[in-house]
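Novice: got a structure for you, letters missing:
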C-alpha cells in the first residue's frame, strides 16, 4: 500500500499519531523535499521517527516514480510530504500511477499552509484562489499571479501568495557543462515578494493594488516561532528582519472584512494608526 | 497559556504528537463541539487522551469564555477544535479575549476540510471562496451562497460547500416553553445540499449552475472510510446511500481544470461516460 503522509508545517512533532505509526511500520520511507521544507533537518526527522528516510527530489517523483512504488502492492511505502499531501502541490500523478499498478493508496492528512494561514486572523471563508510567486530574473518575470489577484480583489477576497523555494538547483553554467553541482537553497522572503508585486503593478498599471494596499507577512506558520507582520505592501518590503528565517508567505487583503479581524490583525501592524486608517477607508466592507 | 489544538478530521489518532502532549499535560481540556464533529465519540477521545474533557457548546464559547480562560495566565488550558483551530470556523473572539486578559495563546495546527478536500483530486489552487449551506425551512432559505458561487464560477473556480450540522438544537415549542430538551443531531447530506442548490437556481434563474453541472460529493474526508462520488448535481441528489454516514461536503466544479484532474476524478464518477462528455464540453479550460 502507498501511504501519502502529511508532516504538517513545522517540526518533527507535527506528524499525527496515525502518520507516525505508518512511518514506523513502512518498508520504505520517502520525503518529498522540493516543494516545501520543515524547519528541522533530515537527521532530526530520522532520529525522531526511528527510520532512515530517502529524499525524493523532483526528478525522482516525476520521472522515476516506479522506484517509489516498487513492491507497494505487497509492502507498505510511506511517501511523506511537508504540510498536507494534497495541499499546495498535489501528487495526483503518483496516485494515478499507483492505481494503474493496482496499488491501494491511503492518505494521512495534516495541516497545510492553505488552512494554517488562518492563524493570521483573517477568515478563511474570504480567501480566493491561492497564487505562487517565483524568483524573477532579468529576463523572466512571470506575472500571471497579477491576473489571479485581480480576480480575487474584484470580488473582495484575500489572496494567499506562496513564495518560491529553490532547492537542488544548478547554475546555468554547471547545467551546460553537465556538472551535478547544486546552488545553496534559496527561500523567497516577504520583502522580495512584496517588491516583485509592486514591480508588476508598476508595469501593468491596472490598479489591482498599490504600495498602500494592506497585507500580512507570515513566517514559520504553525511553528513555535510563528510570526506575523501586518502593513502596506511598501512597509512589508522592509520587514524581513522582523519576520526572521524562512518559510515566508504573504496575504494581500481583500475588502471583505470584519471588525473583529481588524482588531485581531492590528496587533501585528508595523504602524497601528496607519493600519486602522487605511482599513477604515478601504477595507471595512462586506 | 491557552492552546488551540486542532484534532484533525477523523478519529482519535489524527491529533498531532505535539497536540497530544499539550492535551495530556493541560490543567483543563475543552472540546468545541458545535461546528464540526469527529467520527468517534467523547468517551473514545477521553480514553485515548487519558484525560476527561469538558464539552464547550456555542453558548459557553460565545457567552462564558471567561470560564474557559480561568487561570490560563498561570496554568495551561487546551481548547480542542475538530479540524484546524482556524479552519472552517475561527475562534478569533476567544483569542482576542485571552489577549485582553494577558494570556499567551499557542496554536497546534492540523488538517482542515478546507485543505483536506484536495484528496478529491482537484488542485487546491483553483478553489475560490468557501461557502456554507444551512438547512432550509419552509420560511427561511438563505441564498447568499448562490452569489458567492456565481463569483467563483465567473472566474472559473471550484467552490467547496460546507454543509450544516445541528447539534443541541431545541424545537421551537421546547424553546418557547423554556424546556431544555434537545433534538437529535442532524447532519446535512450531499443529496440535501445538491437539492437545495438546484432549488435556489430554480428560483433565481441566473444560470450560475444547472442540474448538469459537475460536482463531487465527499464523505468522511481524511478517515479510513473516506468516500468520493462524482457526478452532475442531479445525480448527486440520489447518492447519499453510496456516500454513507456523515460528515459530508460538496465541491461544485469551475471550468479551470487539467486533464490529470479529469482522469483522477473520473474514478469516482456515477456515470463515467457522462462525466467525460460533460467535462470535455464545458470544463476542459484554463
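Specialist: Yep, it's here. Please read all numbers here as calculations on a predicted model, not as lab measurements.

Novice: contacts for the helix or strand where residue A:66 lies?
Specialist: Using DSSP states H and E, residue A:66 maps to helix A:65-69. Helix A:65-69 has contacts (CB atoms under 8 Å, 6 or more residues apart in numbering or on different chains) with A:2, A:30, A:56, A:60-61, A:77, A:79, A:93-94, A:97-98, A:101, A:103. Glycine gets a C-beta too; all of them are placed from N, C-alpha and C.

Novice: helix or strand right after it?
Specialist: By DSSP H and E, the next helix or strand past helix A:65-69 is strand A:77-81.

Novice: That next one close to chain B?
Specialist: No: if you take CB under 8 Å from any CB of the partner chain as the test, strand A:77-81 misses chain B, and the best it gets is 11.1 Å.

Novice: Need the contact partners of that strand.
Specialist: By CB under 8 Å, 6+ apart, strand A:77-81 touches A:1-7, A:22-23, A:26-32, A:35-36, A:53, A:56, A:68-71, A:85, A:87, A:89, A:91, A:94.

Novice: could you say what helices and strands the helix or strand just after that strand packs with?
Specialist: Using DSSP H and E, the next helix or strand after strand A:77-81 towards the C-terminus is helix A:92-100. On a contact count with 3 or more CB pairs under 8 Å, 6 or more residues apart in numbering or on different chains; DSSP states H and E, helix A:92-100 meets strand A:2-6, helix A:65-69, strand A:105-108, helix B:259-266.

Novice: and the direction of helix A:92-100 versus that of strand A:2-6, what angle?
Specialist: With axes from the mean of the first three to the mean of the last three CA atoms, to 10 degrees as the basis, helix A:92-100 and strand A:2-6 are set at 150 degrees to each other.

Novice: rewinding a little: please identify the deepest-packed of the helices and strands packed on helix A:92-100.
Specialist: strand A:2-6 (a mean of 26; mean count of other CB atoms under 10 Å in any protein chain shown).

Novice: which residues are in contact with the next helix-or-strand element following it?
Specialist: Following strand A:2-6 in sequence order, the next helix or strand is helix A:17-25 (DSSP H and E). Helix A:17-25 has contacts (CB under 8 Å, 6+ apart) with A:3, A:5-7, A:15, A:29, A:49-51, A:76, A:78, A:80, A:106, A:108, A:110, B:11, B:13-17, B:20.

Novice: how far is helix A:17-25 from where the chain is centred?
Specialist: 24 Å (CA atoms, centre = their mean, to the nearest Å).

Novice: Please spell out which residues along that helix are buried.
Specialist: For helix A:17-25, burial by neighbour count (16 or more other CB atoms under 10 Å in any protein chain shown) applies to A:17-20, A:22-23.

Novice: Show me which pair in those residues is furthest apart.
Specialist: A:17 and A:23 (11.0 Å; CB to CB).

Novice: quick check: mean pLDDT across stretch A:84-97?
Specialist: The pLDDT scores in stretch A:84-97 average 82.

Novice: Repeat that for stretch A:36-48.
Specialist: 86.

Novice: List the contacts of that stretch.
Specialist: For stretch A:36-48, contacts defined as CB under 8 Å, 6+ apart pick out A:7, A:9-14, A:31, A:52-53, A:55, A:81-83, A:88-89, A:113, A:165, A:167, A:185, A:220, A:223, A:245-247.

Novice: Leaving out the residues flanking it, which one is nearest to residue A:278?
Specialist: Nearest non-adjacent residue to residue A:278, counting by CB to CB, 6 or more residues apart in numbering or on different chains: residue A:214, 5.8 Å away.

Novice: Who are the contact partners of that neighbour?
Specialist: Residue A:214 is in contact with A:230-232, A:252-253, A:275, A:278-279, A:282-283, counting by CB under 8 Å, 6+ apart.

Novice: hmm, 10 Å instead?
Specialist: A:158, A:230-233, A:235-236, A:251-255, A:257, A:265, A:269, A:274-275, A:278-279, A:282-283 (CB atoms under 10 Å, 6 or more residues apart in numbering or on different chains).

Novice: And for residue A:178?
Specialist: Counting by CB under 10 Å, 6+ apart, residue A:178 has contacts residue A:170.

Novice: can you tell me the helix or strand for it?
Specialist: Per DSSP H and E, there is no helix or strand for residue A:178.

Novice: Distance of it relative to residue A:63?
Specialist: 17 Å (CB to CB, to the nearest Å).

Novice: ok, now residue A:235?
Specialist: 43 Å.

Novice: what about the two, which has more around it?
Specialist: residue A:235 (21 against 9; other CB atoms under 10 Å in any protein chain shown).
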